[in-house]
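Engineer: Got a sequence here, can you model it:
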Amino acid sequence: MPVSIARRAFAMWLLCLPITGQSQPTDRDQAIYIEADSAVLMEKKGFSEYTGNVVIRQGALEMHGDNMTVYNSENNIDRIILTGSPATIVQHPEGDGEDLHAEAGKMEYRAAEEHIILTGAARIWQTDGKEFRSEKIIYNVKTRTVNAGDSATGDRVHITLQPKKKPDDNGKPESK
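Structural biologist: Next up is the predicted model:
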């Protein structure tokens, strides 16, 4: 599948996601909690390193990895790199929405561009079976757009879309 077709298919898939699957607006305003086996904070050099079973929680967002490096300047985060086998993100929506999951060998958040770059067996999915896989996925947080795959390296994009559930006699979706 050509990359441009895959991008359009994924954009259509994103439109199928419930709005509650997106980051909660109040998450950015909540405290960030970090746990790790060890941490090295180098404030003057503008970075910190966390190693061993790293867990980050902020509101409805939870991330796990083996190592995390945070680069900052003037008390602002510039870039975060989270690695793992795999590194994972879970967004727990408020209400009845499906959890949104992502995993990759490496996740890099670039604050200025508002991009998250997932590399190494990158995967995004919901618990209802919708899934998107590629060796590299770039997600623009601000515009909510995705760029995946790399035709120059032969990277292929894989998308799974589940059919909508048919309503039962009462007008409610059928249970599995």
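
Engineer: Please name the bridge partners of the residue at minimal distance from the centre of the chain.
Structural biologist: Residue closest to the average C-alpha location in the chain (C-alpha atoms, centre = their mean): A102, at 4.4 Å. Using DSSP bridges, the bridge partners assigned to A102 are I89, I124.

Engineer: how about it, what does it touch?
Structural biologist: By C-beta atoms under 8 Å, 6 or more residues apart in numbering, the contact list for A102 reads 88-89, 118, 122-125. For every residue, glycine as well, the C-beta is placed using N, CA and C.

Engineer: and which of those is nearest I32?
Structural biologist: Ranked by distance to I32 (C-beta to C-beta), these are led by I89 at 13.8 Å.

Engineer: how much space between that closest one and I124?
Structural biologist: Remark: distance between I89 and I124 (C-beta to C-beta, to the nearest Å) = 9 Å.

Engineer: and if you look at N140?
Structural biologist: 13 Å.

Engineer: Give me the number of neighbouring residues for G52.
Structural biologist: 12 (other C-beta atoms under 10 Å).

Engineer: one step back: mutual contacts of I89 and I124, please.
Structural biologist: 101-102.

Engineer: between these two, which one's more packed in?
Structural biologist: Relative neighbour count places I124 above the other of I89 and I124, with 24 against 21, counting by other C-beta under 10 Å.

Engineer: Tell me which helix or strand the residue lying closest to A87 once chain neighbours are set aside sits in.
Structural biologist: Of all residues not flanking A87 in the chain, G65 sits nearest, at 3.8 Å (C-beta to C-beta, 6 or more residues apart in numbering). Assignment of secondary structure by DSSP states H and E places G65 within strand 61-73.

Engineer: what's that strand packed up against?
Structural biologist: Counting contacts by 3 or more C-beta pairs under 8 Å, 6 or more residues apart in numbering; DSSP states H and E, strand 61-73 packs against strand 47-58, strand 76-91.

Engineer: Show me how far the shortest one is from its chain's centre.
Structural biologist: When distances are taken as C-alpha atoms, centre = their mean, to the nearest Å, strand 47-58 is centred 16 Å away from the chain's centroid.

Engineer: buried residues in it?
Structural biologist: 47-50, 54, 56-58 (16 or more other C-beta atoms under 10 Å).

Engineer: of the residues you listed, closest to S38?
Structural biologist: The closest of these, once distances to S38 are taken by C-beta to C-beta, is Y50, at 7.4 Å.
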